[in-house]
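Chemist: return a 3D structure for these sequence lines:
(one chain, ligands or ions: 1)
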Amino acid sequence: MPARIPVPRTLPRLASGVAVLALGLGGLTACGGSSDAGSSSAASSTSASAPSSSSVAASSSSGEAEAEKITATEADFSIKLDEDSLKAGTYTITVVNNGSATHDLAVEEDGTTKAKSDKIGPGQSTTLTVDLDAGQYVFYCSVGNHRAMGMELTVQVS
Ligand SMILES: [Cu+2]
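Modeler: Below you'll find the predicted structure:
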């Protein structure tokens, strides 16, 4: 009567208490531009009176990024942009009217107009500053039925 005791070949391992923590920290927007700020102390303007018409801009000093400059060229009836891939950030858009009608430039996000330039006549230009997050926008002219006539441009911001 051979009493074979089956010996398990796998030795019990000591499971050391290793806890694997998956830190899912993502999506934090980091400003990529490492600009040397604080070296322009030579121009110390002594303007004590702030214009009262400016909105309350007492935000924190974390947003020191310079505005990107792009140009939107308008004609009768089209809008062209000199950049075709935009990254999220602050943009100062120079609007140039090369047409013969009055135009403006509006920036729409999800059906809501979030910024609009002054109306400019033929040959004039103006600027419009807008913060663009990642997403889809429509640049269009809000004058008359110009948008329906082709003055709109879908802009993708990544
Ligand atoms: Cu127009």
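Chemist: how about the secondary structure of Thr127?
Modeler: Using DSSP: H, G, I helix; E, B strand; the rest coil, the structure places Thr127 in strand.
Chemist: does it touch Thr92 like I think?
Modeler: Yes. The criterion here is C-beta atoms under 8 Å, and Thr127 meets it with Thr92 at 5.6 Å. All C-beta spots, glycine's among them, are computed from the backbone N, C-alpha and C.
Chemist: what segments of this structure are helices?
Modeler: Secondary structure of the chain by DSSP state H: no helices are present.
Chemist: extract the residue ranges of it that are flagged as low pLDDT.
Modeler: Low-confidence segments of the chain (pLDDT under 70): 1-65.
Chemist: what's the burial count for Asp104?
Modeler: Using other C-beta atoms under 10 Å, the number of residues around Asp104 comes to 20.
Chemist: go on, the one 5 residues further on?
Modeler: A count of nearby residues for Glu109, using other C-beta under 10 Å, gives 17.
Chemist: who's the residue nearest to it when sequence neighbours are not counted bridged to?
Modeler: Nearest residue to Glu109 in three dimensions, chain neighbours excluded: Tyr137, at 5.2 Å (C-beta to C-beta, 6 or more residues apart in numbering). Bridge pairing for Tyr137 (DSSP bridges) gives the partners Glu109, Val155.
Chemist: can you tell me how far Tyr137 is from the ion?
Modeler: Using C-beta to the ion, to the nearest Å, Tyr137 is found at 17 Å from the ion.
Chemist: cool, Ser100 as well?
Modeler: Computed as C-beta to the ion, the Ser100 to the ion distance reads 11 Å.
Chemist: residue contacts, Thr73?
Modeler: Thr73 sits next to 79-82, 96, 98 when contact means C-beta atoms under 8 Å, 6 or more residues apart in numbering.
Chemist: does Val155 touch Val138 like I think?
Modeler: Yes. Counting by C-beta under 8 Å, Val155 does reach Val138; the two are 7.0 Å apart.
Chemist: between the two, who's got more neighbours?
Modeler: Neighbour count, other C-beta under 10 Å: between Val155 and Val138, Val155 has more, with 23 against 17.
Chemist: near the ion at all, stretch 69-83?
Modeler: No. Stretch 69-83 does not reach the ion (C-beta under 5 Å from the ion); its nearest approach is 6.2 Å.
Chemist: buried stuff in that stretch?
Modeler: Using 16 or more other C-beta atoms under 10 Å as the burial criterion, the residues of stretch 69-83 that qualify are 72-79.
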